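Chemist: here's a sequence, model it:
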Amino acid sequence: MEKLLSVQQIQKYYGSRGNVTKALDHINLDVDKGEFVAIMGPSGSGKTTLLNCISTIDTVTSGHIIIDEQDITTLSQKKLATFRRNHLGFIFQDFNLLNTLTAFENIALALTIQKVNPKEIEERIHTLATQLGITNILSKYPYELSGGQKQRVACARAIITHPSLILADEPTGALDSKSSRLLLESLEFLNTKLNATIMMVTHDAFTASYAKRILFIKDGKIFTELIRGNNNRKDFFNRIIEVVTLLGGDTHNVL
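Modeler: Numbers count the residues shown, from 1 in each chain. All right, here's what the predicted structure looks like:
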């Protein structure tokens, strides 16, 4: 497999002298192209900090993060903004759709910024919308959509620029069970059919069971990992619960 992401000995400290918190403690990990990786861990374990550093939202205290052979820890803010726009896709818990734009316009925005030909924009959006089952809502505004529909529009927006890596932060956190399942099936489709590389932070074992590999973080360090392999999703889910129990978590918080 071809390596897409390499996290090397990263540390992240918060606070000032006399009151310092170590959020990440010499973390190393690799993600190959086409993988679907979930990150789990107790509250305060560092999982969101890790995602924020990889997504360029936050900076590391030390160490290196290499995406597509580019060490993002060495880039200036201007170059980081360009890298983020061209290489990363984002799916947020609160959707982050612009209420003044239709679903089509929300998806098209990044392509418009990249000055893609309008005809190509329309073709790419309609192809992807068909694949995600959102063709009939493209002309609607976010306030006219359900949570699940908004999140699938967000999925389309994240993948439309063909990013190297899609980063999802608690993508099912604001959804009911039916909408969550539809979203996770969309992510699974993006991964298996479109070969999208996805890294997803979640506290939810059901959500994590859709991934192919799970990294568990505790106290800012990699605690262990699970690989789905040939397990069906139900068996993988049960294995996840076992690790959550080992971590000392409350299983009521992950179901």
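Chemist: and Glu123, helix, strand or coil?
Modeler: Under DSSP: H, G, I helix; E, B strand; the rest coil, the three-state class of Glu123 is helix.
Chemist: that one and Ile72: what is the separation?
Modeler: Distance check for Glu123 against Ile72: by Cβ to Cβ, to the nearest Å, it reads 31 Å. For glycine as for every other residue, the C-beta is placed from the backbone atoms N, C-alpha and C.
Chemist: name the residue in the two with the higher neighbour count.
Modeler: Neighbour totals were compared for Glu123 and Ile72, and Ile72 leads with 23 against 11 (other Cβ atoms under 10 Å).
Chemist: show me what contacts the residue nearest to that one when sequence neighbours are not counted?
Modeler: Excluding the flanking residues, the one nearest Ile72 by Cβ to Cβ, 6 or more residues apart in numbering is Ile65, at 5.2 Å. Residues near Ile65 by Cβ atoms under 8 Å, 6 or more residues apart in numbering: 5-8, 10, 53-54, 71-73.
Chemist: can you select the buried ones from the residues you listed in PyMOL?
Modeler: Buried subset of these, written as a PyMOL selection, criterion 16 or more other Cβ atoms under 10 Å:
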select buried, resi 5+7+8+10+53+54+72+73
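Chemist: give me the subset of the contacts of Ile65 lying in helices.
Modeler: Using DSSP state H, the members of those that fall in helices are 53-54.
Chemist: for the contacts of Ile65, which one is nearest Thr224?
Modeler: In terms of Cβ to Cβ, no member of those lies closer to Thr224 than Val7, at 16.3 Å.
Chemist: tell me what the closest one is bridged to.
Modeler: Counting by DSSP bridges, Val7 forms beta bridges with Leu29, Ile65.
Chemist: how about it, what does it touch?
Modeler: Residues in contact with Val7, defined by Cβ under 8 Å, 6+ apart, are 27-30, 50, 54, 63-66.
Chemist: find me the pLDDT at Gly15, would you?
Modeler: Gly15 is assigned a predicted lDDT (pLDDT) of 84.
Chemist: contacting residues for it?
Modeler: Counting by Cβ under 8 Å, 6+ apart, Gly15 makes contact with Thr21.
Chemist: what's the separation between it and Lys78?
Modeler: Gly15 is 28 Å from Lys78, by Cβ to Cβ.
Chemist: can you check Ile39 too?
Modeler: Ile39 sits 29 Å away from Lys78, going by Cβ to Cβ.
Chemist: neighbour count winner among the two?
Modeler: Taking neighbours as other Cβ under 10 Å, Ile39 and Lys78 compare with Ile39 leading, 27 against 8.
Chemist: which SSE is the more buried one in?
Modeler: Per DSSP states H and E: Ile39 is located in strand 36-40.
Chemist: okay, that strand in CSV with CA atoms only?
Modeler: Taking Å, rounded to 0.1, in the frame of the first residue of the first chain, the C-alpha atoms of strand 36-40 are listed here in CSV:
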residue,chain,number,x,y,z
PHE,A,36,-10.8,4.3,6.6
VAL,A,37,-9.4,4.9,10.1
ALA,A,38,-11.3,5.8,13.2
ILE,A,39,-9.7,7.4,16.3
MET,A,40,-11.3,6.6,19.7
